[in-house]
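K.L.:
what shape does this take:
(chains A and B)
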Amino acid sequence: MSYTENDLAEDLQNQEYKYGFVTNLDSETVPKGLSEDTIRLISAKKEEPEWLLDYRLKAYEIWLQMTEPTWAHVHYEKPDFQDIIYYSAVKQKKYESWDDVEPEMKETMKKLGISMDEQKVLTGTNVAVDFVMDSVSVATSFKEKLSELGIIFCSFSEAVKTHPELIKKYMGTVVPTSDNFYAALNSAVFTDGSFCYIPKGVRCPMELSTYFRINEKGTGQFERTLVVADKGSYVSYLEGCTAPMRDENQLHAAVVELIALDDAEIKYSTVQNWYPGDKNGLGGIFNFVTKRGVCEKNAKISWTQVETGSAVTWKYPSCILKGDNSVGEFYSVAVTNHFQQADTGTKMIHLGKNTKSTIISKGVSGGKSNNSYRGLVQIHKNATNARNFSQCDSLLMSDECGAHTFPYIECKNSSSKIEHEATTSKIGEDQIFYCQQRGISSEKAISLIVNGYCKEVLNQLPMEFAVEAQKLLAISLEGSVG
Amino acid sequence: MSEIINAPVFKKVELILKNEFEGVLSEELKTKSSSILDGIQMPTTRTEAWKYTRLGKINNKKFTVRKGDVSDISSFIITKDVYTLVFVNGFLNSTLSSGTLPEGIICQSINEANSDSTFTKYIGQNLRLEEEVFNSLNTLNSADGVFIHIGSKVILDKPLQILHILSETNTISNLRNLIVCEKNSEAKIIQGYFSENATDSFTNVVTEVFVEENAHLTIDKIQYENDSCYHVATEQVQQEKNSTFTINTVTLNGAIVRNNLNIEVVGQNCLTNLNGTYLLKGNQHVDNHTIVDHKAPNCESHELYKGVVNDQSTAVFNGKVFVRKDAQKINAFQSNANVLLSDESTVNSKPELEIYADDVKCSHGSTTGQLDEEAVFYLRARGLSEKSARKLMIGAFVNDVLKKIENEEVKTFIFEILHQRFDWELSN
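P.N.:
Predicted coordinates:
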């Protein structure tokens, strides 16, 4: 697992977006456009029960009433919602077992570095994966082993069929359909995603992971993740994503809901590496995601994200600290280069007594990109002894980029403490000089300094992800230093 | 008193005035603001700039423009050895004013300034009217205010004290001031806003400031109207190269107080200091919005705002720092600290940085909390009563801002108010 300087140098050679390939598979897609019929069609294709179709149609109705928000510090051409394919699935009927999966698909996974091979467990990779390509989940590994512990880990569509009572109970409780424009859209047209339930008192023995892949041209990806950690349980969840290189802007609008019941802990890590567009700002994914978790008594939710991809990112993983003594954490590294734009941050809503939240956000902007932190810390009247600490640092790598901070701090309780600090600066020339003096080239010195700067966040990532994230940072910043 | 003109202040933002107190600014400015007022409504909490401040209380009232009189101004005198201008209900009262200004300084009512070429050149130059209800309202209706012109190389020997007193109920005062400090000049201005027997009155003041090359201007501002009065103040400042601008805002009372400080730094090597403190109780609502816009390289700005909120009061702080492209080597620091003394009080803080240049050092910090119990314990262990320990600590907290005020008399004046109002003991 050790990653040496030589490896880094090698990776830097390969600086283009390396996940930009397309897999040639026959896909079944629905016609472009969004209407009630499209929703009925998606629902029918997925053989969904009546209540879910109703849920979708209701969300669609709400969505029609809404207008796209414009408050974020990003500029882009609004997607044409009638020009998107809302459902695309690989033609193969059903994968009964791993052996049914086409070689092309297997090859894709291999290229993306995803291992479905359960045998590999012994050799160290201990991650259960749910692989979602375009609109459907392709395969989920380690299902049986997990089910021995009572853990449910499967695609969302499967969960609708096998565990409708859990889905009914929890879906939309954290992110209601009317929450925002893209959450409403997602609720209407979501196609697949992952569902995970950890029973009472169980500590999930391995990392659970979802890998999202956009493949088909002209599609949008709308997935939904729901993680429920029952009382006293623990789960660490990983999410990764990539997409092919295309000139068009594809839309990704996901909803992630986390529910941590009393004494439970959820750790949710994301390495977001959607195609960021080329050097001239052409193409790239629009990443408009709603992520939110609710903490009951003594529960803890920890968000860790490394955002390097997407042309436009718009995402605020949030925690509602409802129960007393609950804890919310947010660790983020957002890197933008070329023409990328990111408006990301978190919301910490303190409702319960003795609730605590920590926000560490590190932004790195290069090229002509814009990187904003936008956060809300809200302490309600009854949140006695609530505590928040926020730190938002921005690093500027070129004279044409922008780094911005927009924190909202609202306090209605006199026994709580809130601290927020933010700094913006560039890498000190003396720091680079110091490294160069010791024989480290300036490119490497910058990578070293950036890695050190992000360490606080990277340390929060599970091992496998941390290494990948480090590489990603170096690659994303390649050529960004003037 | 004198002629009363009913001026229903907006629903659809509208003011009907008889000619007696017609606004004195140029027809061009008035026409523009009048057409803007026709097209907009009062901002609501949906407007980002007014997110935390509800204007219903102002919106539901009717205000009148009227002259007034005050017989005794001794209790409003902040400092004695100065030149003093007194405004009552927004109109200059020359009998109460005192002191003869040295040569090279023009200080007159904007009523008389319309023929002055400097006045016509600068007035309204940078002030944004579009979408700004209060600026437009002021531009259309301002009937008086002061034009101060400090000539080149002139150093004002004593501070200029400007006292504003509201003397009548339901009165609106649309004060409009213009301060031009020419090259190499220096001046200190002390502003005080007070009320006497006035309830539900409204001060809507706009001050435009131009600090030219190598000029230095300091403004100390005390807001002490009573707790039924409303106050909206906009300072639009432009700084040329090598200039210094300092403003200390002390908000001691008022039902709704909104301060908009817009500083544009267009020249290199400038220094900008913004300090403020707000000490609230009862149902007060104080909103400080500051913008420092760095358009030129090699400048520095420091911002320190501290506040104590008690009872059901609300404090809002929104500080924005812009660093424009190519404005390299900017050091901009901003700090906001709040102490909440009751569970019914609210603090909303929003410090913002928007940076488009890379070789900069910018930071902001915001804290909200309460007195450190361990420090209170420390003091009690040394024989102080709990009450005096807390008072001492709040005093020290606020004094961080007050000690930025250089004029000792101004500080003493503030300390006395704090003593009366909060029973705090502060000294130099």
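K.L.:
setting aside sequence neighbours, what's the nearest residue to the closest residue to chain A within the stretch 1-150 of chain B?
P.N.:
When scored by C-beta to the nearest C-beta, the stretch 1-150 of chain B has residue B:48 as its residue closest to chain A, at 7.4 Å. (Glycine included, C-beta is placed from N, CA and C.) Counting by C-beta to C-beta, 6 or more residues apart in numbering or on different chains, the nearest residue to residue B:48 once its immediate chain neighbours are dropped is residue A:71, at 7.4 Å.
K.L.:
that neighbour and residue B:51 touch, don't they?
P.N.:
No. The pair residue A:71 / residue B:51 is not scored as a contact, 10.9 Å apart, by C-beta atoms under 8 Å.
K.L.:
more neighbours: the two, which one.
P.N.:
When residue A:71 and residue B:51 are compared for neighbours, residue B:51 comes out ahead with 18 against 9, by other C-beta atoms under 10 Å in any protein chain shown.
K.L.:
backbone dihedrals for the closest residue to the more buried one other than its chain neighbours, both of them.
P.N.:
Residue nearest to residue B:51 in three dimensions, not counting chain neighbours: residue B:45, with 5.6 Å by C-beta to C-beta, 6+ apart. Here is the backbone geometry of residue B:45 (degrees, to the nearest 10): phi -70, psi 0.
K.L.:
and the gap between the residue lying farthest from the centre of chain B and residue B:425?
P.N.:
No residue in chain B sits farther from the centre than residue B:381, which is 41.0 Å out by C-alpha atoms, centre = their mean. Using C-beta to C-beta, to the nearest Å, we find residue B:381 at a distance of 20 Å from residue B:425.
K.L.:
okay, now the unreliable bits of the stretch 151-300 of chain A?
P.N.:
By pLDDT under 70, the stretch 151-300 of chain A has no low-scoring segment.
K.L.:
please redo it, this time with the cut-off set to 80
P.N.:
Across the stretch 151-300 of chain A, residues meeting the criterion (pLDDT under 80) sit at A:213-218, A:241-248, A:279, A:281.
K.L.:
list the contacts of whichever residue of it sits closest to chain B.
P.N.:
The stretch 151-300 of chain A approaches chain B most closely through residue A:180 (15.6 Å), counting by C-beta to the nearest C-beta. By C-beta atoms under 8 Å, 6 or more residues apart in numbering or on different chains, the contact list for residue A:180 reads A:66, A:69, A:290.
K.L.:
quick one, helices of the chain?
P.N.:
Since no chain was named, I'll use chain A. A:5-13, A:36-45, A:50-65, A:103-112, A:143-148, A:156-162, A:164-170, A:181-189, A:429-437, A:442-458, A:463-477 (DSSP state H).
K.L.:
nope, chain B please
P.N.:
Under DSSP H, chain B gives helices at B:27-39, B:56-59, B:117-122, B:133-141, B:373-381, B:386-402, B:408-422.
K.L.:
can you redo the ones you listed as a markdown table with mean pLDDT and distance to chain A?
P.N.:
Shown next, in a markdown table, are these (pLDDT from 0 to 100; distance: least, C-beta to the nearest C-beta, whole Å):
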| stretch | mean pLDDT | distance to chain A |
| --- | --- | --- |
| helix B:27-39 | 89 | 21 |
| helix B:56-59 | 80 | 20 |
| helix B:117-122 | 92 | 32 |
| helix B:133-141 | 90 | 21 |
| helix B:373-381 | 94 | 10 |
| helix B:386-402 | 91 | 13 |
| helix B:408-422 | 91 | 16 |
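K.L.:
out of those helices, deepest packed?
P.N.:
helix B:133-141 (a mean of 25; mean count of other C-beta atoms under 10 Å in any protein chain shown).
K.L.:
cool, thanks, signing off.
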